[in-house]
Each structure stands twice: as C-alpha cells, then as structure tokens.
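Student: quick check, what structure comes out for this input:
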Amino acid sequence: MPGPILIFDSGVGGLSVTAALRARLPTATLDYVCDNAMLPYGTKADAWLVSRIVATCTSAVRASGAAGLVVACNTASTLALRELRARLAIPVVGTVPAIKPATRLSASRIIGLLATSATVNRAYTQTLIDEFAADCRIVRVAADGLVGEAERQLAGLAPDDGVLEAALAPLWAQPTLDTVVLGCTHFPLLRRRLEASAPRTINWVDSGAAIARRVVDVFDTSGYAQGREGRAWASAPSARLAATLAGYGFTSLEALALPAETLTLPR
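Tutor: Model (predicted):
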C-alpha cells in the first residue's frame with residue numbers, strides 16, 4: 001500500500017485542503033505538518049523562507065514516510081516548489097491562486113484576489129493573471145491579518161469582525177466586482193463569515209478541489225485501501241493545536257525537528 005499523503009502549510013490553512021482530499025481519496029492516509037512557529041509566512045524574507053520551507057518539508061517527509069507531498073500554502077508554492085521538487089524523491093503538488101477558474105465565473109470581468117502580501121506581489125501571480133485573466137481587472141488585496149483570524153477560529157475563538165471588514169473593504173469599493181479568489185488556504189476556513197460580510201452575492205473561489213484532482217493525476221493512488229489514522233507534526237505543538245487537528249482526523253501531534261540554522265529569523 002502506498003505511504004501517506006503529507007499536507008504542508010504554515011499553519012492550519014491546509015485543513016481546508018484536507019477536506020477536498022478526503023472527499024476525493026476517502027481511503028488514503030493523510031498526514032499533516034505545519035510550521036506554525038513562523039506564522040505567517042507572507043511577511044517573511046524570501047530567501048530565508050525557501051530554506052525554512054525545504055527544511056520543514058524534508059524533515060516531515062522523513063518522519064511520515066510520505067509517498068507524496070501537497071504544499072497547501074500559496075506563499076510556499078509560489079516560492080519554493082522548484083527547490084522542493086529538486087530535493088525530494090516523491091511527487092510534490094503545489095497550490096496557486098484559482099485565477100483561471102475564477103474567470104469562468106465572472107460576468108463583470110472584475111475579480112478580487114484576496115491573499116497574503118507575498119502572494120499578491122509574487123511574479124508568479126502576475127504570470128497567472130497575464131495568462132488566464134488578461135481580459136479581466138484583478139483587484140489585489142493583501143490580507144495577512146485574515147491568516148490569524150482563521151487560526152483563531154479553528155482554536156475555538158471568535159474572529160474579529162473588524163479585521164474581516166477592513167480586509168474586505170477594498171473589494172466592496174468596486175461596485176461591479178462579482179468574484180473573489182481566496183488566494184490563501186487559510187481563507188476558505190472563514191468562508192461563512194466572508195459571505196456574511198459581502199454586500200451582494202459573490203462567487204468565492206478557492207483551490208481545494210483543483211488540488212485534489214491534481215493529486216489523483218500525479219500521485220499513484222491505485223493501491224490505497226483503508227489507511228491508518230493520520231499523524232501530524234508542528235514546529236510549535238500545543239494542546240490547542242492538537243485538539244484542532246484531532247477534529248480533522250489527525251490523532252497525534254509531535255514536535256518537528258528542524259536544523260538549527262532555520263530556527264531563527266535573519267536580522
């Protein structure tokens with residue numbers, strides 16, 4: 001039987017992808033790793049982040065015996081996929097903002113991109129826009145604060161509605177905007193609150209289903225039978241995080257060992 005599929009994110013945003021993977025591959029074993037000690041990734045320096053991401057994923061792949069890695073983080077994917085694929089001997093599937101499917105839904109051709117500052121400003125994001133949305137106006141909104149609000153919600157705390165409203169205000173300033181790309185895997189976890197705050201009906205688009213389809217295409221999933229319960233690793237494990245992960249089927253949480261040179265942010 002194949003080894004587990006390992007899902008990686010900076011925090012708990014990858015749990016929004018977990019649901020899509022379980023729906024597509026109900027018998028596969030899924031493991032999870034998060035680098036929550038360095039949350040959020042979107043505000044960190046690129047060169048340091050690449051080293052940290054590669055070290056985190058390499059350590060977690062070794063610990064889990066994973067047969068494939070899903071980088072369920074837009075920032076990490078737009079930054080470190082090439083390095084991860086060069087370093088790891090297993091298939092790696094990344095996450096990119098769902099700009100292409102959003103263009104199929106937008107009648108007004110005015111689309112919001114809600115993401116972290118790193119993803120909003122990445123050259124890779126501009127390439128996606130140029131290739132798939134050249135006839136659209138893309139309203140880019142950096143909403144790093146929503147990462148923390150999603151983490152709060154999954155920890156059982158109420159998100160701050162003021163933070164949500166401030167993050168979304170630039171979108172609603174565009175009266176004919178009809179579609180929003182959730183360009184961070186944390187953001188679908190806030191979907192109900194985002195919908196409730198919208199002044200009109202909006203098409204909300206995320207990457208979960210597309211990632212699950214890509215995993216089926218890229219990974220060898222033919223040998224999956226009912227697998228074991230999922231395990232999880234974190235750079236800063238806690239009882240609260242363990243309880244959150246257990247709610248998504250990850251029954252154990254361990255500290256992830258990382259190289260000393262990646263443990264502190266550069267000055």
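
Student: where do the strands sit along the stretch 151-267 of the chain?
Tutor: For the stretch 151-267 of the chain, applying DSSP state E, counting those that start in this stretch gives strands covering 179-182, 203-205, 230-234, 250-255.

Student: so for Arg62, which of these sits nearest?
Tutor: Using Cβ to Cβ as the measure, strand 230-234 is the one of the strands of the stretch 151-267 of the chain that comes nearest Arg62, at 10.4 Å. For the C-beta atoms, the positions are set from N, CA and C on the backbone; glycine is no exception.

Student: now do that closest one: which elements does it pack against?
Tutor: The contact analysis (3 or more Cβ pairs under 8 Å, 6 or more residues apart in numbering; DSSP states H and E) places strand 230-234 against strand 30-34, helix 46-64, helix 239-246, strand 250-255.

Student: report the angle between that strand and strand 250-255.
Tutor: Angle between the axes of strand 230-234 and strand 250-255 is 30 degrees (criterion: axes from the mean of the first three to the mean of the last three Cα atoms, to 10 degrees).

Student: contacting residues for Arg140?
Tutor: Arg140 sits next to Leu113, Ala115, Val120 when contact means Cβ atoms under 8 Å, 6 or more residues apart in numbering.

Student: can you verify Thr119 is assigned to a helix?
Tutor: Yes - under DSSP: H, G, I helix; E, B strand; the rest coil, Thr119 sits within a helix.

Student: my read is that it contacts Ala76, right?
Tutor: No - counting by Cβ atoms under 8 Å, Thr119 stays clear of Ala76, with 9.9 Å between them.

Student: pipe the strands of the stretch 151-267 of the chain into JSON lines and attach mean pLDDT, distance to Asp217 and mean neighbour count per row.
Tutor: What follows is the strands of the stretch 151-267 of the chain, written out as JSON lines (pLDDT from 0 to 100; distance: least, Cβ to Cβ, whole Å; neighbours: other Cβ atoms under 10 Å):
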{"stretch": "strand 179-182", "mean pLDDT": "97", "distance to Asp217": "22", "mean neighbour count": "27"}
{"stretch": "strand 203-205", "mean pLDDT": "97", "distance to Asp217": "20", "mean neighbour count": "21"}
{"stretch": "strand 230-234", "mean pLDDT": "96", "distance to Asp217": "22", "mean neighbour count": "24"}
{"stretch": "strand 250-255", "mean pLDDT": "95", "distance to Asp217": "25", "mean neighbour count": "16"}
